[in-house]
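Q: everything below, folded, please.
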Amino acid sequence: MKRWMNLLCAMVAVMAGIAEVRAQVTVPAPCGPVPSANQLRWQQMKMYAFIHYSLNTYTDQEWGYGDESPTLFNPSDLDCRQWVKVCKQAGMRGIILTAKHHCGFCLWPSAYTYYSVKNSPWRDGKGDVVRELAEACRDEGLAFAIYLSPWDRHHARYGEAEYVDYFRNQLRELLTQYGDMFEVWFDGANGGDGWYGGANETRRIDRTTYYLWPETYRMVRALQPECLIWNDGGDRGDLRWIGTEAGYAGTTNWSLVNHDGPLDEQLLQHGLETGDSWVPGETNTSIRPGWFYHASEDGQVKTVSQLMDCYYKSVGRNSTLLLNFPVMPNGLIHPVDSVRGAEFYEMVQQTFAHDLVHGATVTATNVRGNDQRFSAQNTVDNNPETYWATDDGVTIASLTIDFARPTEFNRFLVEEYIALGQRVRKFTLEALVDGEWQPLKDSLADTDDGLTTIGHRRIVCFPTVTTSRLRLTILDSKACPLLSRIGVYNALAPLNPP
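A: Below you'll find the model as predicted:
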């Protein structure tokens, strides 16, 4: 009896010791600025759509002058549910509608201007495109958002304080009458020539101060607490333009910038490692050369290869993809755009349908406190809330994936646990081939030294390799690296030439 009691006491002591050691192994501290809950939710969307539609659609323009007649707006077959179907089958998680572009024409019956759908022949002046699309999105499970141009080439008082009140009144209409919105988009084009109530002149404004952005932001956040602000025209919002409309982010892409100071093309493309604010990049591009529909571009719709290229260089580079689908004069999205979008998403699904790490063994050179809470296997457990972490001060470490048999692949996916900050500065990938570790370089990177930042998601594309072991090595990190997911895939489609 005494022997069993001694054994029991020893076991209790061991368990207590393990518990004490476990308690001493703390969760890593945040590293630098971290994303808000809204920004984390937005990042998970990955892809969402732009819809460009206005009087420009009927005048074959990209930017209306502001003197176009509202009577031009008279689509014969407008069907917002068709738009939603097209976007949904293209893999889009939400839609942003150009509620008012630079010409000033409003796609909702604004109480503050005659220049809207209420003075068009469509639906006998009783229609509301914003409402129809918001309801269609809600019914199909897509998020909804609006684009409201700060610049208005129609309004007679643009450039004066009175117009800012008008702009805010219209924004308030949109934010209070159409349900929840995930984003509000303020274009950076501000000031220039326009009709301006018949003045037909050029007006300049200081886009950083004219709209009184801090007050406008407070209104947005009060009316739509879960809405993110995209602003290329003034005070920093929650998201930043990626610096180009060609559909790619920088191979190095930090989700950080400074709250104050100018953002040049380099900062927009790559972010700033030492930035004091979490402002991730959004990559916007159109499925056609233009943003609005032009019949002359019917033969210039992006190919599936081009769209996949955009996907790898946006979603695969710590960004989101905002893909535009323009609406035709009849009120529908063109069939070619619809089919191409569906083919694109089918290719995405095929490429990432079978993750080859399932069943593989993952080991690490260092595990935080040797605690299973931070095990290397967390990177393949399909749980976004678990992650592999190293000890504090350990910023160089490796993960090795053992497939147990020769395995063929050409895509690698890795994600950081960004809720605690973005950390990794540089990493390498290597495959064990003929007994030697061979480097795998990103075929779509700007340079050979292209494996730098990771962030929410990094996808590395390379020529097909066959190996039984793959090694990821973190070469430089701002703090102990935290990786929540890795994935290995074998894409059947060839890479589109950069």
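
Q: if the residue nearest the centre of the chain is in a bridge, with which residues?
A: Nearest to the geometric centre of the chain sits residue 320, at 1.9 Å (C-alpha atoms, centre = their mean). For residue 320, the beta-bridge partners are residue 282 (DSSP bridges).

Q: tell me how far it lies from residue 207.
A: Separation of residue 320 from residue 207 (C-beta to C-beta, to the nearest Å) stands at 24 Å. To be clear about C-beta, it is placed using only N, CA and C from the backbone, and glycine gets the same treatment.

Q: check residue 213 too.
A: In terms of C-beta to C-beta, residue 213 sits 9 Å off from residue 207.

Q: so where's the stretch 351-498 of the chain shaky on pLDDT?
A: Low-confidence segments of the stretch 351-498 of the chain, defined by pLDDT under 70: 447-449, 494-498.

Q: domain parsing of the protein, as residue ranges.
A: Split into domains by automatic domain parsing, the chain comes to 37-351, 361-489.

Q: neighbours around residue 181, how many?
A: Per other C-beta atoms under 10 Å, the neighbour tally for residue 181 reads 21.

Q: what of residue 353?
A: Considering only other C-beta under 10 Å, residue 353 is surrounded by 8 other residues.

Q: A helix includes it, no?
A: No: using DSSP: H, G, I helix; E, B strand; the rest coil, the assignment for residue 353 is coil, not a helix.

Q: which helix or strand in the chain has the lowest average pLDDT?
A: When the helices and strands of the chain are scored by mean pLDDT, DSSP states H and E, helix 2-24 comes last with a mean of 51.

Q: dump the next helix or strand after it to PDB, restricted to CA.
A: Downstream of helix 2-24, the next assigned helix or strand under DSSP states H and E is helix 37-43. Output in PDB follows, covering the C-alpha atoms of helix 37-43 (Å, rounded to 0.1, in the frame of the first residue of the first chain):
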ATOM      1  CA  ALA A  37     -11.000  42.600 -35.700                       C
ATOM      2  CA  ASN A  38     -12.500  44.300 -38.800                       C
ATOM      3  CA  GLN A  39      -9.200  44.100 -40.700                       C
ATOM      4  CA  LEU A  40      -8.800  40.500 -39.800                       C
ATOM      5  CA  ARG A  41     -12.300  39.700 -41.000                       C
ATOM      6  CA  TRP A  42     -11.700  41.700 -44.200                       C
ATOM      7  CA  GLN A  43      -8.400  39.800 -44.900                       C
END
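
Q: which elements pack onto helix 37-43?
A: For helix 37-43, the elements it packs on are strand 228-231, judged by 3 or more C-beta pairs under 8 Å, 6 or more residues apart in numbering; DSSP states H and E.

Q: the strand it packs on: what's the following helix or strand?
A: As the chain continues past strand 228-231, the following element, by DSSP H and E, is strand 240-241.

Q: was I right to think residue 337 contacts residue 325?
A: Yes: judged on C-beta atoms under 8 Å, residue 337 makes contact with residue 325 at a distance of 5.6 Å.
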